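*Asks:* Could you look at this predicted model? Sequence included:
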Amino acid sequence: MSYHSSDTPPEVEAMIIERMRRASALEKWRMVAELNASVRALAMAGLRQRHPHASEAELRRRLAGLLLGEELAELAYGPLPEEFAT
């Protein structure tokens, strides 16, 4: 199987793949958890930039919309208040 990322030298990519193969299940779970935390932090930063006057509660609700989709976020957390819906 060939991977060849466009921005990673093949020898570095091979080292990464080998590291992933040797990682324990716990290490892999930790890596996934760290990636998820990074994604959430980046998403929140983007929401803060797009909605600079939003409260933390509004930002968390908007994050739920991004992560879950608006339909499920609305079912789980309720709709965004009318004044925040844009």
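*Replies:* In hand now; what should we look at?

*Asks:* where does the protein have low pLDDT?
*Replies:* Applying pLDDT under 70 to the chain flags residues 1-3, 83-86.

*Asks:* Tell me the span between the first and last residue of stretch 50-59.
*Replies:* 10 Å (C-alpha to C-alpha, to the nearest Å).

*Asks:* Show residues contacting that stretch.
*Replies:* Met44, Leu47, Arg48, Arg62, Leu80, Pro81, Phe84 (C-beta atoms under 8 Å, 6 or more residues apart in numbering). (C-beta placed from N, C-alpha, C; glycine too.)

*Asks:* show me where the chain has helices.
*Replies:* 10-22, 25-50, 56-68, 70-77 (DSSP state H).

*Asks:* just the ones you listed: most buried one?
*Replies:* helix 56-68 (a mean of 16; mean count of other C-beta atoms under 10 Å).
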